[in-house]
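Trainee: One predicted model, sequence on top.
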Number of protein chains: 2
Amino acid sequence: MLTTRLHKLIQNHKDFPTQGILFRDLLPVLQEPAVYSELIASMASAPVFEKADAIISIDARGFLFGSSLALVLEKPMIVARKPGKLPGDVLSKSYNLEYGSNSLSIQRNALNAYDKYVIVDDLLATGGTVQCVSSIVNSVGKKILGLSVVIELSELNGKSLLDFPVYSQVSY
Amino acid sequence: MLTTRLHKLIQNHKDFPTQGILFRDLLPVLQEPAVYSELIASMASAPVFEKADAIISIDARGFLFGSSLALVLEKPMIVARKPGKLPGDVLSKSYNLEYGSNSLSIQRNALNAYDKYVIVDDLLATGGTVQCVSSIVNSVGKKILGLSVVIELSELNGKSLLDFPVYSQVSY
């Protein structure tokens, strides 16, 4: 079963990147082509993607899943990136995350092209990152239909911040 | 033809991220599923991948192409990331790039698992980034068979730094 395989592959790292954080490393999943392929198929099977015009992948681990989803779903993909990474006219917003704070930007032209989005990221923790993306998207009158992640840290209850459904493959 | 389509989609940004740099933005390619799919198929068709045990994708734009290549080629993928991003025991090295300098890390366990690699990135400029990855890989007695990129900036002659072949889809 996919969930069991993912749980076996995901590595736990205590106190990374800072004291008190238990980091879930899902990079080993990318080292197992059969599991990665099954994971992408499982993520892609969420019907929410059918109604979406495009995927928004979050810098950088979100790219590892978002690009493959874009490929198999034949959907356009745009990106939310860290400061200074995107050329041209960008919309930016800062947010608090599980450890520290950050900000994200989306290219205005990219957002102009579509109305309804599914966000893709590796992991849902407090939901700050996703809420930041959502608020950039909403600020130009566009809509988030859902979030697709590999891992959900249920105890942090990131879902409670979000006004759209979350689709996760494993939870802790 | 793929090359013509890519040239049409890639956007040029003068003086980004710093004065004097002409930035080639290939994110619009991800907004065209048919072109992205053709691009991945074209990159994947390089026979060098057959001989490789794994792909190394470079943080962060390399992830946009490397993960899809890993999916279609059914190859394991590992990553080279910027400082502080990878948990566990990592091998690191700094390098000079077209603008400024940086450093990259690879997880030691990931490198232990395979012998022969193809590096995937979005763009080859001076070759500093790729040479950095190559020197980390070589430091543990492993081998780079080639580099696959979307864009090659021919006038910067990054190829001259590298002792393996470069496969690019468009050049400037």
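Mentor: Cool, got the structure. Worth saying up front: this structure is predicted, and the values here are computed from it rather than measured.
Trainee: Give the next helix or strand downstream of the host helix or strand of residue A:93.
Mentor: Using DSSP states H and E, residue A:93 sits within strand A:90-96. As assigned by DSSP H and E, the chain's next helix or strand after strand A:90-96 is strand A:101-107.
Trainee: For the helix or strand just after that following strand, buried residues please.
Mentor: As assigned by DSSP H and E, the chain's next helix or strand after strand A:101-107 is helix A:108-112. Burial within helix A:108-112, assessed by neighbour count using 16 or more other C-beta atoms under 10 Å in any protein chain shown, is assigned to A:110-111. Heads up, the C-betas are built off the backbone N, CA and C, glycines and all.
Trainee: wouldn't residue A:172 be in contact with residue A:153 here?
Mentor: Yes - in terms of C-beta atoms under 8 Å, residue A:172 counts as a neighbour of residue A:153; the distance is 5.5 Å.
Trainee: doesn't residue A:123 make contact with residue A:61?
Mentor: Yes - Residue A:61 is within contact range of residue A:123, at 7.4 Å (criterion: C-beta under 8 Å).
Trainee: Between the two, which contacts overlap?
Mentor: Shared contacts of residue A:61 and residue A:123 (C-beta atoms under 8 Å, 6 or more residues apart in numbering or on different chains): residue A:26.
Trainee: ok, back up a step: neighbour-wise, which of residue A:172 and residue A:153 wins?
Mentor: Neighbours were counted for residue A:172 and for residue A:153 using other C-beta atoms under 10 Å in any protein chain shown; residue A:153 has more, 19 against 15.
Trainee: What degree of burial does the nearest residue to that one once chain neighbours are set aside show, as a neighbour count?
Mentor: Spatial nearest neighbour of residue A:153, excluding adjacent residues (C-beta to C-beta, 6 or more residues apart in numbering or on different chains): residue A:125 at 5.0 Å. Using other C-beta under 10 Å, residue A:125 has 21 other residues around it.
Trainee: Give me the phi and psi angles of residue A:125.
Mentor: Reported as degrees, to the nearest 10, the phi and psi values for residue A:125 are phi -110, psi -110.
Trainee: the inter-axis angle of the strand holding residue A:93 versus strand A:101-107?
Mentor: Calculated by axes from the mean of the first three to the mean of the last three C-alpha atoms, to 10 degrees, strand A:90-96 forms an angle of 160 degrees with strand A:101-107.
Trainee: Could you report the distance from the residue nearest to residue A:153 to residue B:37?
Mentor: Distance, residue A:125 to residue B:37, by C-beta to C-beta, to the nearest Å: 32 Å.
Trainee: do the same with residue A:91
Mentor: 28 Å.
Trainee: Contact partners for residue A:1?
Mentor: Applying C-beta under 8 Å, 6+ apart, no residues contact residue A:1.
Trainee: Is the closest residue to residue A:95 other than its chain neighbours part of a helix or strand, or is it coil?
Mentor: Excluding its sequence neighbours, the residue lying closest to residue A:95 (C-beta to C-beta, 6+ apart) is residue A:132, at 3.6 Å. Using DSSP: H, G, I helix; E, B strand; the rest coil, the three-state assignment for residue A:132 comes out as helix.
Trainee: Thanks a lot, catch you later.
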